[in-house]
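**Q** All I have is the shape, not the residue letters:
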């Protein structure tokens, strides 16, 4: 299968959309409850990169609220303001739809609950709400715990990444902080800001593995990239990709 292969049709679940009000949410949740998510107070958790996340108890259950922030040099001009080009082009609406499409397709991602933007002059600020994955730890956190690091199944991780590539998902920032292990042992990918769909199994998608390797080196775990663990990840990934290509 080559890069020109058609992308599978999008799948979606019912949503309520209020583009003028800047809100999109799961249709099983009423608009008042979805709006209240972003005003609820809760626990604040520091995270690497672009600021903290909030975890709130709501009528929708425990949800993670992420405020969109900029990184890099442009953050010196504005930490959280983005240029307006239309409701469907906003980062929260695009991430909501991408995450929902993956969830409905049966891929291991958090259930997305709601997203909003707030207009500000010629731009906007934004937030995303997803259901909390209970007792979760990132790959980065497990690597910093010797006993947990020893139990990481690198082959299973390679197979997991291949499942996303089989539907053409290109993750814009696949790093050790965006791989999450739930309390029940399930593994998830998170943070689909700026992700997009390419042709399923497109060769460009394998760049995600290079990005993950850079992340490990940056965190001081470069030895893994030259170890048998990384070889197992690649073998499992390649085997899964070959199997998907043959179908």
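**A** Looks like it arrived, so ask away. As the structure is a computational prediction, the values presented were derived from the model and not from experiment. Numbering: from 1, shown residues only.
**Q** For the rest of this, base every contact and every neighbour count on C-alpha atoms.
**A** Noted.
**Q** what domains does the record give for this structure?
**A** Domain assignment for the chain by automatic domain parsing gives 15-131, 137-246.
**Q** shouldn't residue 37 be in contact with residue 58?
**A** Yes - the pair residue 37 / residue 58 is scored as a contact, 6.8 Å apart, by Cα atoms under 8 Å.
**Q** Among these two, which residue is more densely surrounded?
**A** residue 37 (24 against 15; other Cα atoms under 10 Å).
**Q** tell me the contacts of that one?
**A** Contact partners of residue 37, counting by Cα atoms under 8 Å, 6 or more residues apart in numbering, are 56, 58, 65, 129.
**Q** Next: residue 132.
**A** Here residue 132 is in contact with 55, 62-64, 110 (Cα under 8 Å, 6+ apart).
**Q** Tabulate those residues (a markdown table), appending secondary structure.
**A** Conversion of these to a markdown table gives the following (DSSP: H, G, I helix; E, B strand; the rest coil):
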| residue | secondary structure |
| --- | --- |
| 55 | strand |
| 62 | strand |
| 63 | strand |
| 64 | strand |
| 110 | coil |
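**Q** any chance of those in CSV, plus neighbour count, pLDDT and distance to residue 189?
**A** Listed next are those as CSV, based on neighbours: other Cα atoms under 10 Å; pLDDT from 0 to 100; distance: Cα to Cα, whole Å:
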residue, neighbour count, pLDDT, distance to residue 189
55, 20, 91, 18
62, 18, 92, 19
63, 26, 94, 16
64, 26, 94, 15
110, 22, 96, 8
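**Q** would you turn these into CSV with distance to residue 218?
**A** Formatted as CSV, the contacts of residue 132 follow (distance: Cα to Cα, whole Å):
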residue, distance to residue 218
55, 27
62, 32
63, 30
64, 26
110, 26
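**Q** from the residues you listed, which is closest to residue 194?
**A** residue 110 (16.4 Å; Cα to Cα).
**Q** Quick check on the closest one: phi, psi?
**A** Main-chain torsions, residue 110, degrees, to the nearest 10: phi -60, psi 150.
**Q** re the thing from before, lowest average pLDDT across the domains of the chain?
**A** With a mean of 88, domain 15-131 has the lowest mean pLDDT of the domains of the chain.
**Q** longest helix of the chain?
**A** Ranked by residue count under DSSP state H, the longest helix found in the chain is helix 228-246.
**Q** mind listing what residue 190 touches?
**A** Contacts of residue 190 (Cα under 8 Å, 6+ apart): 109-110, 178-180.
**Q** Would you mind giving those residues as a markdown table with secondary structure and distance to residue 196 added?
**A** Listed next are the contacts of residue 190 as a markdown table, based on DSSP: H, G, I helix; E, B strand; the rest coil; distance: Cα to Cα, whole Å:
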| residue | secondary structure | distance to residue 196 |
| --- | --- | --- |
| 109 | coil | 15 |
| 110 | coil | 17 |
| 178 | coil | 16 |
| 179 | strand | 18 |
| 180 | strand | 20 |
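**Q** mind checking the backbone torsions on the nearest residue to residue 15 once chain neighbours are set aside?
**A** In space, residue 15 comes closest to residue 27 once its chain neighbours are excluded; the distance is 4.3 Å by Cα to Cα, 6 or more residues apart in numbering. With angles defined as degrees, to the nearest 10, residue 27 sits at phi -70, psi -20.
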